[in-house]
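Peer 1: would you be able to build a 3D model of this:
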Amino acid sequence: MSFLKRQNLIQPTRPGPGNGRPHYKVEFEVVLEVIDRNLYYKAVWPIGNDEGVLPGSEGWTNIAAAFPPGTN
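Peer 2: Presented below is the predicted three-dimensional model:
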């Protein structure tokens, strides 16, 4: 998520004195969808923006091994 920092889309959170170092907070949505025996996933930012898929966060994985033999 470094691109968010580089493009100044997020700003650091500055804690009060003695409460730690400045850091970045990014809240995003993880979208999971089961299609047949595959799991589709993506991370979306900002939350609720279906077109805001974070680069490198989208993909598929096969979950067939999680089903008993003969499952339709």
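Peer 1: where in the protein is the helix or strand with the lowest mean pLDDT?
Peer 2: Here the helix or strand of the chain ranked lowest by mean pLDDT, DSSP states H and E is helix 2-6, holding a mean of 89.
Peer 1: next structured bit after that helix?
Peer 2: Note on helix 2-6: by DSSP states H and E, the next helix or strand toward the C-terminus is strand 29-35.
Peer 1: so what strands line up beside that following strand?
Peer 2: strand 38-44 (antiparallel) (DSSP bridges).
Peer 1: can you read off the pLDDT for the closest residue to residue 45 other than its chain neighbours?
Peer 2: Spatial nearest neighbour of residue 45, excluding adjacent residues (C-beta to C-beta, 6 or more residues apart in numbering): residue 28 at 4.2 Å. C-beta here means a position set from N, CA and C on the backbone, and glycine is covered the same way. As predicted, residue 28 sits at a pLDDT of 91.
Peer 1: touching, residue 28 and residue 48? I think so.
Peer 2: No. In this structure residue 28 lies outside contact range of residue 48 using C-beta atoms under 8 Å: 10.5 Å.
Peer 1: the more surrounded of the two?
Peer 2: Legend: neighbour count by other C-beta atoms under 10 Å for residue 28 and residue 48, higher for residue 28 (18 against 8).
Peer 1: list the contacts of residue 42.
Peer 2: 30-31, 53-54, 57-59 (C-beta atoms under 8 Å, 6 or more residues apart in numbering).
Peer 1: filter those residues to the buried ones?
Peer 2: With burial judged by 16 or more other C-beta atoms under 10 Å, the buried subset of the contacts of residue 42 is residue 54.
Peer 1: okay, now residue 16: neighbour count?
Peer 2: Counted with other C-beta under 10 Å, the neighbours of residue 16 add up to 6.
Peer 1: distance check, it against residue 26.
Peer 2: With distances taken as C-beta to C-beta, to the nearest Å, residue 16 is found 21 Å from residue 26.
Peer 1: what bridges to the one residue sitting closest to the centre of the chain?
Peer 2: In the chain, the C-alpha nearest the mean C-alpha coordinate belongs to residue 43, at 2.9 Å (C-alpha atoms, centre = their mean). Counting by DSSP bridges, residue 43 is bridged to residue 30.
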